[in-house]
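Colleague: got a sequence here, can you model it:
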Amino acid sequence: MIKVSAKDGTIGWVYDSKVWVSSEQFTDSSVDFSTAAKENYINQAGYSSDTQYLLWISRYTQRVNVFQGSKGKWKLIKTFLVSTGGNETPTPAGSYRTYYHENQWTWSSYYVNTITGFYNGHAFHTILKSPNGGYYDSRVGIPLSHGCIRMQEADCNYIYNLPLYTRVVVY
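Modeller: Residues are numbered from 1 along each chain as shown. Coordinates of the predicted model:
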């Protein structure tokens, strides 16, 4: 069973066999919003953070936007191209906080590192690396993860070095 939410807020359940998930991408990483539009959105939405930073993940543009400031006074300081969750395993929309760091997650064919968790096993982490030292999958700019935020190494290091409990807004 899959939990579904209607636009009016009601919640229901649907059998897995009755759900079809499109493989078509509904994102466009070739475009980005202006700095003013990003700052206006975040400031008018009234987001706050326990730190002087706020992270806004745009699933449409496949970007992480880093703001510095405080509620109503956020200024955009960095933007990174990323890969969010694929259609069948989307990055969940909502407001979260970073709450842990880990050095590495390892699977049989690849590993990721520089991990900053923000919700139920979802995290910022590097692109997929091969055990032989190369890349297993280095793509960014399209939704293809299992819900995490895949980033280039230097970009991921930047996020990793922000203070824990930083607000993460996924839209």
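
Colleague: show me where pLDDT drops low in the chain?
Modeller: For the chain, the stretches flagged by pLDDT under 70 are 2, 16, 19-25.

Colleague: show me where it has its helices.
Modeller: 35-45, 153-160 (DSSP state H).

Colleague: quick one, strands of this protein?
Modeller: Taking DSSP state E to define them, one finds strands in the chain at 2-5, 11-14, 53-58, 63-68, 75-81, 94-97, 100-106, 111-119, 122-126, 128-129, 135-137, 149-151, 167-170.

Colleague: adjacent strands (with direction) for the fourth one?
Modeller: The reference is to strand 63-68. Here strand 63-68 is paired, per DSSP bridges, with strand 53-58 (antiparallel), strand 75-81 (antiparallel).

Colleague: what's the distance between the residue sitting nearest the centre point of the chain and residue 117?
Modeller: Residue closest to the average C-alpha location in the chain (CA atoms, centre = their mean): residue 149, at 4.2 Å. Here residue 149 is placed at a distance of 11 Å from residue 117 (CB to CB, to the nearest Å). Every residue, glycine included, has its C-beta placed from N, CA and C.

Colleague: common neighbours of those two, please.
Modeller: When CB atoms under 8 Å, 6 or more residues apart in numbering defines a contact, the residues bordering residue 149 and residue 117 alike are residue 123.

Colleague: so which of the strands paired with strand 63-68 is nearest residue 128?
Modeller: Of all these, strand 75-81 sits nearest to residue 128, with 15.9 Å by CB to CB.

Colleague: what distance separates the closest one from the centre of its chain?
Modeller: Centre-to-centre, strand 75-81 and its host chain are 13 Å apart (CA atoms, centre = their mean, to the nearest Å).

Colleague: ok, and what's touching that strand?
Modeller: 29, 32, 35, 38-39, 62-69, 140-141, 151-152, 155, 158-159.
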